[in-house]
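Chemist: Fold the following, please.
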Amino acid sequence: MANNRLLSVEALRFIFMTIIALWHFGRINPFTHGYIAVDFFFILSGYFLYRSYIKHKYDAFSYTVAKLKRFYPEYIIVFAAAFLMKLQILLRSNDIITVLFNAISEGLLINGIGLFGGSVNPPSWYVSVLLIGGGILYAVLFYNRRLALNVVFPLFVLFSYTYLLGVNGSIEQFATVGFVCQPLFRGMAGMALGIVLSAFLLRYSEMLSCKHVILDVVSMIAVIVVGILLFYKQNYDNMALLAFCMLILSCSISNSLVNRIFQSQIWAKLGGITFEMLLVHAPVIWVMNSLTRCIPLSSFEKSFLAVAYIIVVVTVSFVLKILNNRVKELFK
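Modeler: Predicted structure coming up:
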């Protein structure tokens, strides 16, 4: 992807991560279905997973270790801070052994596979699914790319989303039913969809570039659809998945409207801290909740608190990223 296309991707990453952060802050959350933004990131992760496979051809173990080295230092820093912040609550549990085992599994990033729970930093399930589910998909891709792209991944996407949407019409599922860990299936389905989309774009990008006007219309419709679905009372998560694919498709075409809109370098900075925002926004919510719990909020005050909250999340994320970079420099 050229630089201008990366800027559009980074802009969408920041926008959707902001939606996720607001969704989790119950007192100020304006969305009915803010959880759908998570699936944008799963699809985008699969998109870049395939690009990484084409470029490096790692085996699955090397790919997973490289990814772990990249984000685990930041993850464990925030995990430790969140553990200390919640220590008093955790120790008051009636089943302290289970709590400790869940905390250990979360620290080891195995809390998103259905065998263990989590109890410290709630968004960690996404990181666990991203690491383990992505590693599984990469292994299948490495074993037989043609079979994976033409048969395995399309069928997995179809069956997984059919199952998840068939439960109650929503992909926001967190139970383990039989052998199916719903969060893992949700994440892997999104990543598999992103992989198939990435392969499609690599094959047909030149043809799509010639149709960028049609693509511009489709991408604007996708933006409208996502905007409506975030607030609409009924679930249409399947339409959100399609809209996300259209937006990523549009970002991949250099002369598309979305790339002409997002040309400022500020998006590179903001998009570059979305992982940090994922990690830190829950602890920030705890602090802000404790400071404002007893204060009744009007609509205006909720808006003000929402802006202040996002500013704090962004600031803490930049600090975490700088700290992580300094630590990496020390160990070079």
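
Chemist: What segments of the stretch 151-300 of the chain are strands?
Modeler: Taking DSSP state E, counting those that start in this stretch, the strands of the stretch 151-300 of the chain run over residues 176-177, 180-181.

Chemist: Which element, helix or strand, includes S105?
Modeler: Under the criterion of DSSP states H and E, S105 resides in helix 96-107.

Chemist: that older thread, take the strands of the stretch 151-300 of the chain and write them to JSON lines, including mean pLDDT and distance to V319.
Modeler: C-beta coordinates here come from the backbone N, C-alpha and C atoms, glycine included. Putting the strands of the stretch 151-300 of the chain into JSON lines (pLDDT from 0 to 100; distance: least, CB to CB, whole Å) gives the following:
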{"stretch": "strand 176-177", "mean pLDDT": "84", "distance to V319": "36"}
{"stretch": "strand 180-181", "mean pLDDT": "89", "distance to V319": "34"}
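
Chemist: In the stretch 101-250 of the chain, what residue spans correspond to helices?
Modeler: Assignment of helices within the stretch 101-250 of the chain using DSSP state H, counting those that start in this stretch yields the ranges 124-143, 145-147, 153-168, 182-209, 212-231, 237-251.

Chemist: Which one of the strands of the stretch 151-300 of the chain lies nearest to C294?
Modeler: Among the strands of the stretch 151-300 of the chain, strand 176-177 comes nearest to C294, with 37.5 Å by CB to CB.

Chemist: what does the closest one contact?
Modeler: By CB atoms under 8 Å, 6 or more residues apart in numbering, the surrounding residues in contact with strand 176-177 are G114, Q182.

Chemist: picking that back up, export the helices of the stretch 101-250 of the chain to TSV and tack on mean neighbour count and distance to L109?
Modeler: What follows is those, written out as TSV (neighbours: other CB atoms under 10 Å; distance: least, CB to CB, whole Å):
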stretch	mean neighbour count	distance to L109
helix 124-143	21	5
helix 145-147	12	27
helix 153-168	16	21
helix 182-209	21	13
helix 212-231	16	29
helix 237-251	21	25
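
Chemist: Which helix or strand contains the residue located most distally from the centre of the chain?
Modeler: Each residue of the chain has a distance to the centre, and by CA atoms, centre = their mean the biggest one is for N94: 32.7 Å. Taking DSSP H and E as the definition, N94 sits outside all helices and strands.

Chemist: roughly how far apart are it and F83?
Modeler: Using CB to CB, to the nearest Å, we find N94 at a distance of 19 Å from F83.

Chemist: List the residues that contact the residue farthest from the centre of the chain.
Modeler: By CB under 8 Å, 6+ apart, N94 lies in contact with nothing.

Chemist: In this structure N235 contacts S170, no?
Modeler: Yes - distance between N235 and S170: 4.7 Å, which falls inside the contact criterion (CB atoms under 8 Å).

Chemist: more crowded one of the two?
Modeler: N235 (18 against 15; other CB atoms under 10 Å).

Chemist: Ramachandran angles for that one?
Modeler: phi -90, psi 130 (degrees, to the nearest 10).

Chemist: now it: how far from G169?
Modeler: With distances defined as CB to CB, the gap from N235 to G169 amounts to 4 Å.

Chemist: contacting residues around the lowest-mean-pLDDT helix or strand in the chain?
Modeler: Each helix and strand of the chain was given a mean pLDDT (mean pLDDT, DSSP states H and E); the minimum falls on helix 87-91 at a mean of 79. Helix 87-91 is touched from outside by F83, I96, V99, A103, S119, V120, with contacts defined as CB under 8 Å, 6+ apart.

Chemist: do that again at 10 Å, thanks
Modeler: Judged by CB atoms under 10 Å, 6 or more residues apart in numbering, the contacts made with helix 87-91 from elsewhere in the structure are F83, I96, V99, L100, N102, A103, S119, V120, W286.

Chemist: And stretch 158-175, by the same measure?
Modeler: Stretch 158-175 has contacts (CB under 10 Å, 6+ apart) with 33-36, 38-39, 42, 112, 114, 125, 177, 180-190, 192-193, 234-238, 240-241.

Chemist: Pull out the buried positions in the least confident helix or strand of the chain.
Modeler: L90 (16 or more other CB atoms under 10 Å).

Chemist: distance between that helix and the chain's centre?
Modeler: In this view, helix 87-91 has its centroid 28 Å away from the chain centroid, taken as CA atoms, centre = their mean, to the nearest Å.

Chemist: what does stretch 87-96 give?
Modeler: On CA atoms, centre = their mean, the centre of stretch 87-96 falls 29 Å from that of its chain.

Chemist: just stretch 248-259 next, same as before
Modeler: Here stretch 248-259 shows a centroid-to-chain-centroid distance of 20 Å under the convention CA atoms, centre = their mean.

Chemist: repeat for stretch 204-215
Modeler: Counting by CA atoms, centre = their mean, stretch 204-215 is centred 27 Å from the centre of its parent chain.
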